[in-house]
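K.L.:
Fold the following, please.
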Amino acid sequence: MPPSVTSISNYLLVAGGGAGGFQLGGGGGAGGFLLGTSHPITPGDTLTVTVGAGGAAAPSAAGGNGSNSTISTLTAIGGGGGGLDLTQSARTGGSGGGQARPGAGDYPGVSGTAGQGN
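P.N.:
Next comes the predicted model:
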């Protein structure tokens, strides 16, 4: 960053969404997001930006979580993967993954992470 820059203004940081679960699985959760009007940085520092990818689907498994997105000390958490039929729970994330098919009482959907836009 140039020596005169001391903050990031008006930022939106969004993580990758979670994948849906296999065969009657629940939907993946949305990637978390951070929205702000100012974030301090150190003048002259190099900022690394990481853009989170969407979660991976897998045969016979719950959906994979999305990847985190980062800039400076800010981190948006990837979305949780959706549950698998009656055998695997949804996964936590920026927004939690969805429950598998109705009646999957032992494997409910899960909540998202506080402060991640949900």
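
K.L.:
Now do residue 22 against residue 42, distance only.
P.N.:
Look at residue 22 and residue 42: by C-beta to C-beta, to the nearest Å, they are 45 Å apart. No exception for glycine: its C-beta is placed from N, CA and C like everyone else's.

K.L.:
same deal with residue 8?
P.N.:
To residue 42, residue 8 is 12 Å away according to C-beta to C-beta.

K.L.:
shared neighbours of those two, anything?
P.N.:
The contact sets of residue 8 and residue 42 do not overlap (C-beta atoms under 8 Å, 6 or more residues apart in numbering).

K.L.:
Could you check which of those two is surrounded by more residues?
P.N.:
For residue 8 and residue 42, the more surrounded residue by other C-beta atoms under 10 Å is residue 8, and the numbers stand at 18 against 11.

K.L.:
Can you check what pLDDT the model gives that one?
P.N.:
In this prediction, residue 8 carries a pLDDT score of 88.

K.L.:
Same check on residue 69?
P.N.:
97.

K.L.:
burial count for it?
P.N.:
Residue 69 has 24 neighbouring residues, counting by other C-beta under 10 Å.

K.L.:
Just grab the bridge partners of it for me.
P.N.:
In this entry, residue 69 is beta-bridged to residue 76, by DSSP bridges.

K.L.:
Could I get the contacting residues of it?
P.N.:
13, 14, 15, 16, 31, 50, 51, 52, 75, 76, 78.
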